[in-house]
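Asks: Below is the sequence, then the predicted model.
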Amino acid sequence: QVQLVESGGGLVQPGGSLRLSCAASGSIFSINTMAWYRQAPGKQRELVAAITRGGSTNYADSVKGRFTVSRDNAKNTLYLQMNSLKPEDTAVYFCNAPDVITPSSRYLSLWGQGTLVTVSS
């Protein structure tokens, strides 16, 4: 079974930092784009940052200059370094891999279970 598991969420004060990780496990041949989404209470899920297998990135305007997305292709792991956190960054953060290829050439679209980030004093 192929799955994504996030970790690294928690409570942090405004201005602080957190690093999220998302590990893909199971029978995987390769993963193309990977992304972080977030969903705040009462709001729709939104894209935070995405990165291609080759390392090209894009960010939501609200996090540009504060968040950095990266990945380790050898470990099938995605990261999100979040600096200068603000209360409005409070949300459940989800990892997404819409294009996972298995050794049997199946294409899978996966979501993690989410990890809660709370920014509060």
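Replies: Looks like it came in fine. Residues are numbered from 1 along each chain as shown.
Asks: what's the neighbour count on the closest residue to residue 24 other than its chain neighbours?
Replies: Once flanking residues are discounted, residue 24 sits nearest to residue 76: 4.0 Å by Cβ to Cβ, 6 or more residues apart in numbering. From N, CA and C alone the C-beta is placed, and that goes for glycine too. Counted with other Cβ atoms under 10 Å, the neighbours of residue 76 add up to 20.
Asks: which stretches of the chain form strands?
Replies: 3-7, 10-12, 18-25, 30-31, 34-39, 46-51, 57-59, 67-72, 77-82, 91-101, 107-111, 115-119 (DSSP state E).
Asks: Output those strands in JSON lines; the columns should cover mean neighbour count and mean pLDDT.
Replies: As requested, these are arranged in JSON lines below (neighbours: other Cβ atoms under 10 Å; pLDDT from 0 to 100):
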{"stretch": "strand 3-7", "mean neighbour count": "17", "mean pLDDT": "95"}
{"stretch": "strand 10-12", "mean neighbour count": "14", "mean pLDDT": "98"}
{"stretch": "strand 18-25", "mean neighbour count": "19", "mean pLDDT": "97"}
{"stretch": "strand 30-31", "mean neighbour count": "17", "mean pLDDT": "94"}
{"stretch": "strand 34-39", "mean neighbour count": "22", "mean pLDDT": "98"}
{"stretch": "strand 46-51", "mean neighbour count": "18", "mean pLDDT": "98"}
{"stretch": "strand 57-59", "mean neighbour count": "15", "mean pLDDT": "98"}
{"stretch": "strand 67-72", "mean neighbour count": "18", "mean pLDDT": "98"}
{"stretch": "strand 77-82", "mean neighbour count": "22", "mean pLDDT": "98"}
{"stretch": "strand 91-101", "mean neighbour count": "20", "mean pLDDT": "96"}
{"stretch": "strand 107-111", "mean neighbour count": "14", "mean pLDDT": "94"}
{"stretch": "strand 115-119", "mean neighbour count": "18", "mean pLDDT": "98"}
